[in-house]
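Novice: return atomic coordinates for the entry below.
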Amino acid sequence: MSIFRTLKTHIQNLWFPQIEDTTNEFYKYGVNNQLPHELLRWVNDSGIAKRCVNKVAAYIAADGFTNPALNEIIVNEKGETAQELLQQLAMQVAHFKGFALLVGRNGNGEAKTFKLIPFEKIRRRLDGEYSFNQTLGTNKFKANEWKHYPRYRGKQITLAELNLLREEFGNIGEIWYHYTPTPDSPHYPVPEYYAGIEDLRSAAEIARYDLETALNGFVPSALLTIVGNVDDSVRDEYGKTQKDYLDETLQEFTGANKGVDGQSNRGKLLVMHAATKEEIPNLQAFNAQEILNGSILKRDAIERTVCRHFGIHPVLMGFSDAAVLGNTQSIANASLELNTVVAPMQKAIENFFNKAFPMYEWNLSQFKPVQTIPTEILNDLTRDERRALYGYAPLPAETFVDPSNTQP
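Specialist: Residues are numbered from 1 along each chain as shown. You can find the predicted model right below:
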């Protein structure tokens, strides 16, 4: 029974329950409190995952806000524009399905500046506020650098409320932290692609294997058996034994060791001496062809699966598809489907801007794929209607000039 209880606890921990760090009084983000940092590493390890994140972010930001004038509004003391902040928000949402900003107020208690801060370095406190540590997730982590921040209190607060906040926390601002709570993660966002994180990591590992194979000159893995003992006791004037020299020779022969010019002795002739016939080294090579062919096929399949974990049709990432390749309308449909996937993410960003700057109406544009329209339909449209299909403004109206009234 005790074994069952231990196993059950381990399984629960995989689902991000309310795991508390009682020392720092916050909820852990993942079992080891490192989930967002692991997500960043796993995405950056996989070329296709990195491209997928960039693709999702590009669709979220699209062409900025539908009102072009809003794109140039300054949103913080760094001089960043709304469109620049939008680009940063899009990247955070694409990675984590959430975002965080540091909000600054003026002397009247009005929230005036909004600056993006690293989402992965923030933790929700048990009291509802937030903790932030700039060194979290780095090899220079310092446990004594946690800072306590208040949660965002709204667009306008009273001077009394502002003074109370500054007395308790100092004049450091408030954290606007956005995410949608779910049953599996009530305190932090967990992006959908995490459910297929094994595929992201597999794609990265296959790429690493291909790199190692190329660096090794496509020499197949092998087992070298040497009959007899190689002297490992007597050292020469350079402090090396016979076994040290043998190991170095074998490493150069396989390409494991390279010189300053990046070259090794692989592909060369390796001569080894044996005192008797029985002591001749026995090399047992593994069949590499099936492994290499399998790597090529598996890489394509896994990378397509990674695309789907992000809600992206593989054809939008450059994968060929007999049913779609060359069919512009099908590609446009795949693009429209991705617009549907990012629509809730866009809505979350729109809600932020509408609450932060309520004097304006903030609406994000959508990525517009080029669609194939049958010629017979185009022929039924006016010139301006055809231009509108591709986002062009109508041409100026032509002024009629009566030739009979012209002067010579």
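
Novice: just the buried positions in stretch 193-203, please.
Specialist: Going by neighbour count (16 or more other CB atoms under 10 Å), the buried part of stretch 193-203 is Y193, Y194, G196, I197, D199, L200, R201, S202, A203. To be clear about C-beta, it is placed using only N, CA and C from the backbone, and glycine gets the same treatment.

Novice: what segments of the protein are helices?
Specialist: Assigned helices in the chain, in chain order: 2-13, 35-45, 47-61, 82-96, 159-169, 197-215, 242-254, 288-309, 328-356, 375-378, 383-389 (criterion: DSSP state H).

Novice: averaging pLDDT over each of the ones you listed, which comes out lowest?
Specialist: Lowest mean pLDDT within these: helix 2-13, at a mean of 40.

Novice: what's the spacing between T158 and H37?
Specialist: Distance of T158 to H37, given as CB to CB, to the nearest Å: 38 Å.

Novice: count of neighbours near the closest residue to E337 other than its chain neighbours?
Specialist: Using CB to CB, 6 or more residues apart in numbering and skipping residues adjacent in sequence, the residue nearest E337 is H313, 6.5 Å away. A total of 19 residues lie near H313 under the criterion other CB atoms under 10 Å.

Novice: now T241
Specialist: Around T241 there are 15 residues (other CB under 10 Å).

Novice: list the contacts of the nearest residue to it once chain neighbours are set aside.
Specialist: Closest residue in space to T241, ignoring its immediate chain neighbours: D232 at 4.9 Å, by CB to CB, 6+ apart. D232 is in contact with T241, Q242, K243, D244, counting by CB atoms under 8 Å, 6 or more residues apart in numbering.

Novice: give me the buried subset of those residues.
Specialist: For those, a burial check counting by 16+ other CB under 10 Å picks out D244.

Novice: need the max-distance pair from the contacts of D232.
Specialist: Farthest pair in the contacts of D232 (CB to CB) is Q242 and D244. Separation: 7.3 Å.

Novice: can you put the buried residues of stretch 193-203 in JSON lines and add distance to F141?
Specialist: Putting the buried residues of stretch 193-203 into JSON lines (distance: CB to CB, whole Å) gives the following:
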{"residue": "Y193", "distance to F141": "26"}
{"residue": "Y194", "distance to F141": "23"}
{"residue": "G196", "distance to F141": "29"}
{"residue": "I197", "distance to F141": "23"}
{"residue": "D199", "distance to F141": "29"}
{"residue": "L200", "distance to F141": "25"}
{"residue": "R201", "distance to F141": "23"}
{"residue": "S202", "distance to F141": "29"}
{"residue": "A203", "distance to F141": "29"}
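
Novice: among those residues, which one sits closest to S365?
Specialist: When the buried residues of stretch 193-203 are compared against S365 (criterion: CB to CB), the nearest one is Y193, at 24.7 Å.

Novice: neighbours around the residue lying closest to F65 once chain neighbours are set aside, how many?
Specialist: Residue nearest to F65 in three dimensions, not counting chain neighbours: N71, with 5.6 Å by CB to CB, 6+ apart. N71 is flanked by 16 other residues according to other CB under 10 Å.

Novice: now swap in the one 10 residues further on and tell me
Specialist: Taking other CB under 10 Å as the neighbour definition, T81 ends up with a count of 16.

Novice: so what's it up against?
Specialist: Residues counted as contacts of T81 (CB under 8 Å, 6+ apart) are N71, E72, I73, I74, V75.

Novice: ditto for V93
Specialist: A57, I60, F99, M345, A348, I349.

Novice: run the last query once more with 10 Å
Specialist: For V93, the contact set (CB atoms under 10 Å, 6 or more residues apart in numbering) comprises 53, 56-57, 60-61, 99, 119, 178-179, 189, 191, 342, 344-346, 348-349.

Novice: show me the shaky parts of the stretch 101-250 of the chain.
Specialist: 216-231, 250 (pLDDT under 70).

Novice: show me where it has its strands.
Specialist: 111-116, 122-124, 130-132, 147-149, 174-178, 222-225 (DSSP state E, counting those that start in this stretch).

Novice: adding distance to Y360 as columns, could you present those strands in JSON lines?
Specialist: Formatted as JSON lines, the strands of the stretch 101-250 of the chain follow (distance: least, CB to CB, whole Å):
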{"stretch": "strand 111-116", "distance to Y360": "14"}
{"stretch": "strand 122-124", "distance to Y360": "27"}
{"stretch": "strand 130-132", "distance to Y360": "27"}
{"stretch": "strand 147-149", "distance to Y360": "27"}
{"stretch": "strand 174-178", "distance to Y360": "18"}
{"stretch": "strand 222-225", "distance to Y360": "68"}
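
Novice: excluding its backbone neighbours, what's nearest P394?
Specialist: Sequence neighbours aside, D384 is the residue nearest to P394 in space, at 4.0 Å (criterion: CB to CB, 6+ apart).

Novice: scratch that, I48 is what I was asking about
Specialist: Of all residues not flanking I48 in the chain, E303 sits nearest, at 4.3 Å (CB to CB, 6+ apart).

Novice: dump the residue contacts of that neighbour.
Specialist: Taking CB under 10 Å, 6+ apart, one finds 46-49, 51-52, 199-200, 202-203, 206-207, 314, 317-319 in contact with E303.

Novice: please check these and keep the buried ones.
Specialist: Neighbour-count burial within the contacts of E303 applies to 46, 48-49, 51-52, 199-200, 202-203, 206-207, 314, 317; the criterion is 16+ other CB under 10 Å.

Novice: picking up where we left off before, for the contacts of E303, which one is nearest N67?
Specialist: Relative to N67, the closest of the contacts of E303 is C52; by CB to CB it sits at 29.5 Å.

Novice: quick check: pLDDT value at the residue lying closest to V341 once chain neighbours are set aside.
Specialist: Excluding the flanking residues, the one nearest V341 by CB to CB, 6+ apart is G311, at 3.7 Å. Per-residue confidence (pLDDT) for G311: 95.

Novice: surely G311 touches S335?
Specialist: No. G311 is beyond contact range of S335, at 11.9 Å (criterion: CB atoms under 10 Å).

Novice: who's more crowded, these two?
Specialist: For G311 versus S335, the count of surrounding residues by other CB under 10 Å is larger for S335: 20 against 17.

Novice: among the buried ones among the contacts of E303, which one lies nearest to F353?
Specialist: Distances from F353 to the buried ones among the contacts of E303, taken by CB to CB, are shortest for C52, at 25.3 Å.
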